[in-house]
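Participant: this one's sequence-less:
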């Protein structure tokens, strides 16, 4: 059974930092793109960032460029999201996601974690 388990969320003041982790199990994710999405209260889920299977390419939403950094450790089947200079508008549930198809930047993601809450106070 495939599982993605996020951790590292919490409450932080504006300007602070958090590091999220997503541990994958049930299959090897070293050959697939991994991504982070978020859903803020009253809003639709939105793409935050993604990283290619080998870490060579990264993609960011404009709203987080320069503040968030995605990385991965394929030996640990884990992807990370370092979030700096956090703003109240970053408050959301953050989800880790992965596709079934290897090597490509997918349009859709097949596996999702349960989410971790990030709250940024002003």
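Facilitator: In hand now; what should we look at? None of the values given here were measured: they were computed from a predicted structure.
Participant: the protein: helices as residue ranges?
Facilitator: With DSSP state H as the criterion, the chain has no helices.
Participant: any idea what sits nearest residue 116, other than its immediate chain neighbours?
Facilitator: residue 9 (3.4 Å; CB to CB, 6 or more residues apart in numbering). Bear in mind the C-beta positions are built from the backbone N, C-alpha and C, glycine included.
Participant: equivalent analysis for residue 37, please.
Facilitator: Nearest to residue 37 is residue 95, by CB to CB, 6+ apart, at 4.8 Å.
Participant: one step back: isn't the residue nearest to residue 116 right up against residue 22?
Facilitator: No. Judged on CB atoms under 8 Å, residue 9 makes no contact with residue 22 at a distance of 11.2 Å.
Participant: can you report how many residues lie near residue 101?
Facilitator: If you count neighbours by other CB atoms under 10 Å, residue 101 ends up with 14.
Participant: who's in contact with the residue nearest to it when sequence neighbours are not counted?
Facilitator: Using CB to CB, 6+ apart and skipping the chain neighbours, the partner closest in space to residue 101 is residue 32 (7.1 Å). Going by CB atoms under 8 Å, 6 or more residues apart in numbering, residue 32 touches 53, 98-103.
Participant: look up how far residue 119 lies from residue 57.
Facilitator: 30 Å (CB to CB, to the nearest Å).
Participant: any figure for the gap between residue 26 and residue 71?
Facilitator: As for residue 26, its distance to residue 71 is 22 Å (criterion: CB to CB).
Participant: an error on my part: the question was meant for residue 17.
Facilitator: Distance, residue 17 to residue 71, by CB to CB: 14 Å.
Participant: what's the answer for residue 9, then?
Facilitator: Residue 9 is 17 Å from residue 71, by CB to CB.
Participant: the two: which has the busier surroundings?
Facilitator: Legend: neighbour count by other CB under 10 Å for residue 9 and residue 71, higher for residue 9 (19 against 14).
Participant: what does the pLDDT read for the more buried one?
Facilitator: In this model, residue 9 is scored at 97, pLDDT.
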